[in-house]
Structure formats: C-alpha cells, structure tokens
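> Predicted model follows, preceded by the sequence.
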Amino acid sequence: MSEKSGSGMIKGLEFVKGAMVETFNAFLRDLLRKGKAAAVLAPQRVPSGDMVFPALVSNPEMLHADPFAPVLPVAMAKMVSTLTCEGTLPGRVAAVMTNCQIRALIELVKLKQADTANVLIIGMDCVGTFSITDYTQLTEEKNSEELFTSLLREEPSLVEKARPACRTCREPIPEHCDILVGLYGMEEGILWIEARSERGVEALEGLDLKDIKDSGSRKTAIENLKGKRLEADKKFREEHGYIKGIEEVAKFYARCINCQNCRRVCPICYCEECFFCSDNLSQTAESLLSRARARGAFKMPLDTLLFHTGRMNHMILSCVECGLCEQACPVNIPLMRVLKRAASDAQAAFDYTPGRRPDEEMPLKVFREDEFSHLGEE
C-alpha cells in the first residue's frame with residue numbers, strides 16, 4: 001500500500017461528455033488485457049439495471065463497471081477482506097474503492113483480517129453517495145454519470161439528498177492507494193490519473209494515457225472541498241450534541257428491533273460469532289418472568305441498548321464514519337448522529353485516525369507509559 005506522498009507520476013484520461021464511465025471501463029479492461037491485473041473488483045450494475053454491487057471480473061468482455069455510481073450498498077473493504085483473509089492472493093486484483101473503504105481496509109489489515117500484498121488499490125474521488133432507495137429513484141431520471149457530475153458541481157437539490165455521512169465526510173479524497181482517480185479541479189473531459197506507489201507506476205506503464213501538468217487547480221479545489229466538509233461536520237455534531245446521558249441515549253435507540261443489520265454491514269465488525277448473537281445473553285422463560293416481577297415491565301427484544309453501546313465500544317476507534325450502519329437500519333435510526341461524535345471524541349483522545357497511516361499501530365494494541373498520565377500518578 002502506498003505512502004501519502006505519491007510517486008509523482010501524473011497522467012490524464014480523456015473522455016467525451018457522457019462517456020466518462022465507458023472510458024474508465026476501457027482503462028480497467030486494459031489492466032486485464034495487458035496482464036496488469038488478473039481480475040478487477042469494482043461496482044458493476046446488476047442485471048435488473050437499478051443497482052450496482054461489487055463484482056469480481058476476470059474477463060475484459062464482461063467488465064461493465066459503474067465506479068462513479070454515487071451509491072454504496074455494501075462495504076467494499078469487506079469484499080477485499082473476503083478475498084484475502086486467508087492469505088495473499090495468487091493473482092493481482094485491482095480494487096476500485098472510495099476513501100472511507102480504503103481506510104476501513106487499512107484497519108482490517110491491522111486486525112489481520114485482510115492482506116493487500118497483491119491488491120492494486122484504485123482510489124476514487126468521492127463526491128458523496130445516496131441511500132439505496134434514493135439512488136434507485138434518482139436513476140429513473142438521471143444515469144450514474146449525470147448524478148456523479150451533479151454532486152461534483154455541488155447542485156444543492158442533489159447535495160441535500162446525499163447521505164449525512166457523506167455530506168459531513170472530512171476525508172473524501174484517497175490518500176493511501178496505488179492509483180488515484182480524480183475529477184476535482186480538473187478540466188472538463190479529463191480524469192486525473194496519479195500513480196502513488198511503485199505498484200501504481202508499473203500498472204500505468206504502457207497504457208494509453210495523456211501527459212498533463214499539475215497547475216495547482218486540483219489542490220485548490222480539494223482544499224476548498226475539505227473546508228466545506230469540515231464546517232458541515234462541525235455543524236452536524238453541534239446540532240446533535242444533546243444526545244448524551246442515559247435517558248437521551250435510551251430514547252435515541254428506543255425503536256431498535258435488534259436486527260443487528262448495523263453490525264452486519266459495518267466494514268470493521270468481523271467476528272465470526274458476535275457476543276450479542278451467542279448464548280451468553282440467552283434467557284430462560286423463568287428468568288424473563290423473574291425479571292418482569294422485579295422490574296414490573298421491560299421492553300422486548302432485550303438488551304438493544306447493551307448491543308449498541310457494546311458494539312460501539314468494540315469498533316469506535318476504527319470507525320471511518322462511512323454511514324453504512326445508518327443506511328442499513330430498517331427503522332431509520334439516524335445512527336451517525338451518535339457515532340460521528342463518539343468516534344471523533346474517542347479517536348481524538350488517543351490521537352488516532354483510522355486508516356491515516358498503514359504503519360500506525362491501533363491504540364488498543366499498544367501501550368505507552370505516558371498515556372493518560374494525568375488520570376493517574378505522575
């Protein structure tokens with residue numbers, strides 16, 4: 001996995017209006033045909049045509065990716081984990097990912113749940129994503145490329161429909177990837193293609209790409225974007241700062257039905273058997289009746305608040321705020337209102353940002369003698 005500084009190799013991929021997706025598909029097919037990758041893992045439209053899901057494609061003729069589709073139905077980091085959790089891949093796979101998923105993948109590597117030794121990571125500028133329901137409805141009028149471009153241009157009517165996690169994302173531009181693909185600050189009809197590792201340089205060699213010069217416009221555009229996202233994030237957390245204390249938290253999670261969809265879609269939750277699905281919390285009829293007699297009444301299903309606080313304690317330091325948990329909730333609990341603040345506060349306490357550096361140890365895996373010394377003896 002690359003370091004943040006990059007390799008200095010910057011190219012351009014030219015496309016005509018309305019053909020950005022197909023031009024990028026040609027680029028991915030070239031990777032396969034020229035032996036740069038044995039397979040491509042990328043979002044691809046399902047046969048029904050109304051949604052995209054990750055697909056692992058080895059045949060160039062079957063590659064019809066839609067990597068600019070502004071929707072995130074599942075965690076791409078988990079898909080890479082599925083491919084690599086048993087060890088290094090026998091052939092190189094080019095994985096097309098946005099930054100939240102790259103950061104989650106870095107955390108999974110640290111947790112020994114993924115291996116990127118033979119993964120060519122292609123990081124995409126992220127303009128934000130819509131919920132699955134909104135995306136399905138919006139594509140009845142606009143295709144993925146048009147929706148992506150509208151978000152890139154920050155059209156208010158569509159930006160407001162983007163998921164809260166995306167509207168307040170502080171890190172929309174990939175840092176640690178082998179090849180960076182960008183549109184922010186670019187001339188119309190040009191995709192920024194930057195090799196950010198030796199592996200990336202090797203992959204781009206021999207491909208039909210245009211030489212371009214860095215005018216600085218991209219850097220300026222990204223700085224402006226990050227400034228807006230930081231302000232949006234600050235405002236979001238301030239608006240929902242009232243959710244604290246056991247009464248407010250219990251009220252917030254009150255309509256939870258204990259489906260645990262949030263755990264299942266989270267890119268960080270990986271345990272084969274979750275404690276909250278085990279026999280540890282099982283209850284007999286007698287114990288339930290005894291509990292009812294002692295308390296007078298209690299809500300069922302049981303322990304939904306315990307589940308949320310326990311899960312949060314387990315994954316909060318590695319939370320990349322992708323918002324998949326909120327999207328998967330069938331009763332529409334706005335989970336990011338709690339998780340964004342809890343994650344940023346916990347990570348700030350340990351001076352840790354998940355996915356910031358591949359070589360940075362996770363706080364709960366290391367111990368520093370001076371850690372929280374102000375809470376104990378000097």
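Alright, I've got the coordinates.

> Just the CA coordinates for the helix or strand bottoming out on mean pLDDT in the chain, please, in PDB.
Ranked by mean pLDDT, DSSP states H and E, the helix or strand of the chain with the weakest confidence is helix 285-295, at a mean of 83. The C-alpha coordinates for helix 285-295 follow below in PDB (Å, rounded to 0.1, in the frame of the first residue of the first chain):
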ATOM      1  CA  ALA A 285     -38.700 -18.300  30.500                       C
ATOM      2  CA  GLU A 286     -38.300 -18.300  34.300                       C
ATOM      3  CA  SER A 287     -35.500 -15.700  34.200                       C
ATOM      4  CA  LEU A 288     -37.600 -13.500  32.000                       C
ATOM      5  CA  LEU A 289     -40.600 -13.800  34.300                       C
ATOM      6  CA  SER A 290     -38.400 -13.200  37.300                       C
ATOM      7  CA  ARG A 291     -37.100 -10.000  35.600                       C
ATOM      8  CA  ALA A 292     -40.600  -8.900  34.900                       C
ATOM      9  CA  ARG A 293     -41.600  -9.400  38.500                       C
ATOM     10  CA  ALA A 294     -38.600  -7.400  39.700                       C
ATOM     11  CA  ARG A 295     -39.000  -4.500  37.300                       C
END
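
> The very next helix or strand once past that helix packs against which elements?
Later in the chain than helix 285-295, the nearest helix or strand by DSSP states H and E is helix 304-315. With contacts defined as 3 or more C-beta pairs under 8 Å, 6 or more residues apart in numbering; DSSP states H and E, helix 304-315 has these neighbours: helix 246-252, helix 336-349. Backbone N, C-alpha and C define where each C-beta goes, glycine included.

> Now render those as TSV, adding mean pLDDT, mean neighbour count and distance to F24.
TSV is the format used below for these (pLDDT from 0 to 100; neighbours: other C-beta atoms under 10 Å; distance: least, C-beta to C-beta, whole Å):
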stretch	mean pLDDT	mean neighbour count	distance to F24
helix 246-252	92	12	41
helix 336-349	93	18	30
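
> Save these as a markdown table, and put in distance to L152 too.
Below are these laid out as a markdown table (distance: least, C-beta to C-beta, whole Å):
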| stretch | distance to L152 |
| --- | --- |
| helix 246-252 | 34 |
| helix 336-349 | 23 |
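
> nearest to L31, of those helices?
Closest to L31 of the helices and strands packed on helix 304-315 is helix 336-349 (C-beta to C-beta; 34.6 Å).
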